[in-house]
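Peer 1: The sequence and its predicted three-dimensional model are supplied below.
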Amino acid sequence: MNDLEIRKQAKEFANFWADKGYEKGQSQVFWLTLLNKVLGVDNPEQYISFEDKVMLDHTSFIDGYISATHVLIEQKSRDRDLRKAIRQADGTLLTPFQQAKRYSADLPYSKRPRWIITCNFQEFLIYDMEKPNGEPESILLKNLPKEYYRLQFIVNSQNENIKKEMEISIKAGEIVGILYDALLKQYNEKDEQELKSLNELCVRLVFCLYAEDSGLFGEKLTFHNYLQGFQVKDTRRALIDLFKVLDTKIEDRDKYLDDELAKFPYVNGGLFANENIIIPHLTDEIIDILLHKASENFDWSEISPTIFGAVFESTLNPETRRSGGMHYTSIENIHKVIDPLFLDNLKDELEKIKEIKVEKTRKQQLEAFRNKLSTLTFLDPACGSGNFLTETYISLRRLENEALIAQTRGQTMIDLGDVIKVSIGQFYGIEINDFAVTVAKTALWISESQMMKETEEIVNQQLEFFPLKSYANIVEGNALRIDWNDVISKQKLSYIMGNPPFVGARLMNKHQKEDVLSIFGNSWKNIGNLDYVSCWYKKATDYIEDTSIRVALVSTNSICQGESVINLWKPLFKQGIHIDFAHTTFIWDSEAQQKAHVHCVIVGFSIATSFKDKIIYSLDRYQKVKNINAYLIEAENVFIENRKKPICNVNEMLFGSMPNDGGHLSSIDEKEMAEIINKYPESKICFKKIVGADEFINGKTRWCLWLKNISPNLINSIPYIKQKVSAVQELRENSSRDATKRLALTPFL
């Protein structure tokens with residue numbers, strides 16, 4: 001089957017099973033049909049086995065097992081929550097996944113599953129046992145027509161790609177990196193203007209590659225064939241001419257324009273408007289990358305704009321590339337923010353409308369729902385490459401398409417005037433990096449194109465994408481220094497969301513400290529202890545006064561711990577905010593080659609009265625509560641003051657243990673220590689392991705010279721130790737603090 005046929009079968013399968021789901025009576029038919037109709041298995045009865053016995057303390061049965069690909073299936077009824085524990089026959093409480101793992105442990109080693117799937121007819125949770133502690137991938141039945149490929153591993157052991165979009169987008173980023181490096185060599189000055197031109201050129205080229213693969217330029221390989229028609233020495237002029245044509249209306253073009261250029265559409269949108277862009281001479285290497293690696297051998301139409309925007313930005317950011325590259329917010333984590341903020345409510349609203357029995361009323365309500373979607377507005381005041389905005393746009397368009405399906409019931413729409421109501425013009429962003437702004441706009445245009453194609457399938461008609469009719473309102477600037485009302489009036493805004501930068505109070509640079517002062521002012525108590533991200537909470541709180549705007553931001557968990565609570569949250573609560581929902585501490589995922597383990601929280605808050613349940617999310621469970629305080633627990637709004645004296649009769653802790661030695665005694669790595677001990681075996685008693693915050697949190701190893709009660713003769717007999725002690729003495733003697741100078745008398749301590 002080709003892609004279109006598989007999608008059709010998947011759609012029929014999803015529709016048929018949408019309201020079914022009895023574990024004992026229907027699960028085998030469900031899986032046999034899925035394997036046959038959607039995944040193309042000719043004799044599914046021979047491919048999957050059901051009810052295989054496993055002997056625990058009692059006889060149990062595996063719901064489904066596929067030996068060819070080592071897939072174990074635990075099936076539950078439609079009303080079962082796959083993430084909640086269920087009492088077993090022996091009285092233990094196990095989630096479906098834990099139940100399946102228990103079965104797995106009883107199997108011969110050769111039959112142990114590589115994959116475990118738990119399913120309740122409405123959702124598949126896929127666990128990769130190569131990563132037994134990893135989070136499962138989720139596929140909803142209703143999304144199967146779009147995401148069937150994520151189940152291909154069931155029938156093809158070579159296809160372990162359940163994150164296809166992610167891998168495609170990262171591969172795209174790698175191609176852009178290769179192209180970037182080749183182009184960079186052609187620029188002479190490599191000053192700020194040339195580097196900006198290089199970034200802009202890369203964005204334009206990627207847009208052209210995407211446009212030819214997705215059909216926006218008409219025939220496949222239109223851009224490829226245009227470039228291929230020139231000798232390498234003429235390709236620079238060919239690109240300049242093409243970019244000018246893409247920014248010129250059809251009616252304003254030279255009527256004698258060459259056919260090779262005339263076939264390209266008018267794009268609009270400003271992407272090709274800058275005529276001052278510096279384009280260098282291209283080389284054989286660059287043309288080869290463009291024609292073969294980037295065009296012939298890669299399909300840009302399948303990239304995820306949400307992921308690719310961030311991957312693209314980090315690929316072209318030299319600092320990010322040096323530090324391990326490719327950081328981005330996962331789609332799953334974006335939904336931890338936007339789902340409880342607004343998306344869950346919209347989904348519930350649509351489901352209720354679809355259940356209306358009276359057809360006329362249902363259609364009216366569906367139209368009203370689509371109109372409502374078109375009125376919602378969103379601001380990300382630290383939008384980076386636009387992944388929050390892009391994923392939100394895609395989510396709204398999918399809801400709009402779902403409403404369209406319910407409206408049309410498969411019939412062709414005659415009036416196409418307002419077939420798409422949701423526009424990228426509803427999305428606003430502020431970003432300090434000019435290149436990230438361009439990437440964000442491009443990612444939104446790509447997502448607009450992809451969602452339009454989905455709409456075309458619903459209404460059975462072709463829609464015109466070019467010229468671009470809507471613009472993402474993304475502003476270049478420092479979000480902490482500009483008035484957000486100048487971006488969008490607060491009376492017109494619905495939601496604020498995002499992932500502002502994490503910088504600790506002690507790690508901020510001069511400009512960031514000035515930003516903090518500009519937001520909080522000199523009178524704010526303990527301003528020097530506020531993390532940089534606190535500025536977005538304060539500015540958002542000021543902005544949403546006297547509005548119904550709701551906010552959700554991601555932050556390091558430190559802002560809801562310790563002194564941060566009373567320094568930041570107590571004044572904000574006095575301004576009238578209340579916390580609507582929260583995700584307690586979790587590890588924020590990135591796809592960095594060297595992953596940073598950042599522990600984050602998500603705080604959803606507002607000033608306007610909320611009639612919704614307040615919810616605390618914690619790992620794989622949630623709890624409806626009456627109140628969420630600033631520590632993100634269900635309790636009254638109490639604030640614990642810092643105090644310098646203990647509440648009971650114990651010794652005071654006035655200051656922590658700080659090695660005032662410039663690292664000479666306290667920062668020795670294992671290799672250095674081993675070399676000294678090998679040379680001076682008697683020095684072994686001088687070394688001790690030292691554990692500070694960095695070592696404790698990140699599992700690092702550090703050693704120190706611990707010279708208390710060590711004989712001065714031994715210290716002076718080992719040149720390495722003697723030199724270290726002398727360095728500490730000199731450091732302390734040159735200090736401006738009298739207390740430190742006094743410590744120079746005991747440089748070995």
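Peer 2: Yep, it's here. Residues are numbered from 1 along each chain as shown.
Peer 1: Give me the secondary structure label for residue 501.
Peer 2: coil (DSSP: H, G, I helix; E, B strand; the rest coil).
Peer 1: right, and it touches residue 533 too?
Peer 2: Yes. Applying Cβ atoms under 8 Å, one finds residue 501 in contact with residue 533, separated by 6.7 Å. Just so you know, the C-beta spots here come from the backbone N, C-alpha and C atoms, and that holds for glycine as well.
Peer 1: how distant is stretch 435-447 from the center of its chain?
Peer 2: From the chain centre to the centre of stretch 435-447 is a distance of 15 Å (Cα atoms, centre = their mean, to the nearest Å).
Peer 1: tell me the mean pLDDT over that stretch?
Peer 2: The average pLDDT within stretch 435-447 is 87.
Peer 1: Next, the residues that contact it from outside, please.
Peer 2: Stretch 435-447 has contacts (Cβ atoms under 8 Å, 6 or more residues apart in numbering) with 196, 199-200, 203, 206-207, 210, 269-271, 303, 305-306, 308-309, 312-313, 316-317, 383-387, 389-390, 393-394, 397, 424, 427, 429, 431, 468, 471-472, 474-476.
Peer 1: One more pass at 7 Å, please.
Peer 2: 199-200, 203, 207, 210, 269, 271, 305, 308-309, 312-313, 316, 383-386, 389-390, 393-394, 424, 427, 429, 431, 468, 472, 474, 476 (Cβ atoms under 7 Å, 6 or more residues apart in numbering).
Peer 1: Also stretch 297-306?
Peer 2: Counting by Cβ under 7 Å, 6+ apart, 165-166, 168-169, 172, 175, 209-210, 213-214, 331, 387, 390-391, 394, 443, 446-447 sit against stretch 297-306.
Peer 1: Around the closest residue in space to residue 502 that isn't next to it in sequence, how many other residues sit close by?
Peer 2: Nearest residue to residue 502, sequence neighbours excluded (Cβ to Cβ, 6 or more residues apart in numbering): residue 556, at 4.8 Å. Applying other Cβ atoms under 10 Å, we find 20 other residues in the vicinity of residue 556.
Peer 1: What strands flank the biggest strand by length in the chain, and is each parallel or antiparallel?
Peer 2: If you go by DSSP state E, the chain has its longest strand at strand 578-588. When pairing is defined by DSSP bridges, strand 578-588 lines up against strand 598-606 (antiparallel), strand 614-618 (parallel).
Peer 1: for the last one, which positions count as buried?
Peer 2: Judged by neighbour count (16 or more other Cβ atoms under 10 Å), strand 614-618 contains these buried residues: 614, 615, 616, 617.
Peer 1: Convert the C-alpha atoms of it to CSV, please.
Peer 2: Output in CSV follows, covering the C-alpha atoms of strand 614-618 (Å, rounded to 0.1, in the frame of the first residue of the first chain):
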residue,chain,number,x,y,z
LYS,A,614,-6.9,23.7,40.2
ILE,A,615,-4.6,20.9,39.2
ILE,A,616,-1.2,19.8,40.4
TYR,A,617,0.6,17.5,37.9
SER,A,618,3.3,15.2,39.3
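Peer 1: where do the strands sit along the stretch 401-550 of the chain?
Peer 2: Using DSSP state E, counting those that start in this stretch, the strands found in the stretch 401-550 of the chain span residues 427-431, 473-476, 495-498, 550-556.
Peer 1: before we move on, the earlier item: narrow the contacts of stretch 297-306 to those that are buried.
Peer 2: Buried among the contacts of stretch 297-306 by 16+ other Cβ under 10 Å: 165-166, 168-169, 172, 175, 209-210, 213-214, 331, 387, 390-391, 394, 443, 446-447.
Peer 1: more neighbours, residue 501 and residue 533?
Peer 2: More crowded of residue 501 and residue 533, by other Cβ under 10 Å: residue 533, with 22 against 15.
Peer 1: Do you know the pLDDT at that one?
Peer 2: pLDDT, residue 533: 93.
Peer 1: who's in contact with it?
Peer 2: 500, 501, 502, 555, 556, 559.
Peer 1: Any chance of JSON lines for those, columns pLDDT and distance to residue 357?
Peer 2: Shown next, in JSON lines, are the contacts of residue 533 (pLDDT from 0 to 100; distance: Cβ to Cβ, whole Å):
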{"residue": "500", "pLDDT": "93", "distance to residue 357": "46"}
{"residue": "501", "pLDDT": "88", "distance to residue 357": "51"}
{"residue": "502", "pLDDT": "83", "distance to residue 357": "50"}
{"residue": "555", "pLDDT": "92", "distance to residue 357": "46"}
{"residue": "556", "pLDDT": "89", "distance to residue 357": "49"}
{"residue": "559", "pLDDT": "91", "distance to residue 357": "48"}
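Peer 1: Turn those residues into a markdown table, including distance to residue 282.
Peer 2: As requested, the contacts of residue 533 are exported to a markdown table (distance: Cβ to Cβ, whole Å):
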| residue | distance to residue 282 |
| --- | --- |
| 500 | 39 |
| 501 | 37 |
| 502 | 40 |
| 555 | 45 |
| 556 | 44 |
| 559 | 49 |
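Peer 1: Pull the distance from the lengthiest helix in the chain to the chain's centre.
Peer 2: Determined from DSSP state H, the single longest helix within the chain is helix 434-459. Chain-centre distance of helix 434-459: 17 Å, with Cα atoms, centre = their mean.
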